[in-house]
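Peer 1: Okay, predicted coordinates and the sequence, questions at the end:
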Amino acid sequence: QVQLVESGGGLVQAGGSLRLSCAVSGRTFSTYVVAWFRQAPGKEREFIANIRWSDGSTYYRNAVKGRFTISRVNANNTVYLQMNNLKPEETAVYYCAAGRPVDYALRSVRQYEYWGQGTQVTVSS
């Protein structure tokens with residue numbers, strides 16, 4: 001069992017920055033991949049980025065490359081998502097998730113079995 005708790009959401013102006021945190025706990029989470037997803041009203045949940053806990057390797061959706069950075073700190077078992085130059089269309093509930101996705105389906109919601117409760121990010125224009 002893996003538990004995930006997000007924090008750090010809020011209201012920011014377009015072009016601004018936020019850092020989301022995901023506190024991870026559980027017996028064997030070191031073997032998992034931790035990802036960030038987001039879901040805007042009326043839209044499907046979409047993949048943002050993930051990080052492999054074991055070696056820190058990362059993978060991003062193209063739209064956030066160069067603006068978002070995913071990282072993890074082993075000492076406090078936390079995964080971060082630093083988001084810069086935010087856009088109004090990125091307003092959504094942001095979720096962290098953990099799983100053991102196959103390499104060809106790293107972006108698939110179905111590949112992640114544990115989810116946090118989500119944190120709201122609102123970007124004003």
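Peer 2: Yes, it's here.
Peer 1: Show me the shaky parts of this protein.
Peer 2: Nowhere does the chain drop to pLDDT under 70.
Peer 1: Would you map the strands across it?
Peer 2: 2-7, 10-13, 18-26, 33-39, 46-52, 58-60, 68-73, 78-83, 92-99, 112-115, 119-124 (DSSP state E).
Peer 1: what comes up buried for the second one?
Peer 2: The one in question is strand 10-13. residue 12 (16 or more other C-beta atoms under 10 Å). C-beta: built from backbone N, CA, C; applies to glycine.
Peer 1: Counting by contacts, list what that strand packs against.
Peer 2: Packing partners of strand 10-13 (3 or more C-beta pairs under 8 Å, 6 or more residues apart in numbering; DSSP states H and E): strand 119-124.
Peer 1: Apply 10 Å and report the result again.
Peer 2: strand 18-26, strand 119-124 (3 or more C-beta pairs under 10 Å, 6 or more residues apart in numbering; DSSP states H and E).
Peer 1: Paired strands for that strand, with orientation please.
Peer 2: If you go by DSSP bridges, strand 10-13 pairs up with strand 119-124 (parallel).
Peer 1: Closest to the centroid, which residue in the protein?
Peer 2: residue 36 (1.8 Å; C-alpha atoms, centre = their mean).
Peer 1: okay, the helices and strands packed on strand 10-13 in TSV with distance to residue 81 and mean neighbour count next?
Peer 2: Converted to TSV, the helices and strands packed on strand 10-13 look like this (distance: least, C-beta to C-beta, whole Å; neighbours: other C-beta atoms under 10 Å):
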stretch	distance to residue 81	mean neighbour count
strand 18-26	4	18
strand 119-124	10	17
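Peer 1: Tabulate these (JSON lines), appending distance to residue 49.
Peer 2: Putting these into JSON lines (distance: least, C-beta to C-beta, whole Å) gives the following:
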{"stretch": "strand 18-26", "distance to residue 49": "11"}
{"stretch": "strand 119-124", "distance to residue 49": "14"}
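Peer 1: among those, which is nearest residue 5?
Peer 2: strand 18-26 (4.6 Å; C-beta to C-beta).
Peer 1: List the pairing partners of that closest one within its sheet, with orientation.
Peer 2: Strand 18-26 is paired, per DSSP bridges, with strand 2-7 (antiparallel), strand 78-83 (antiparallel).
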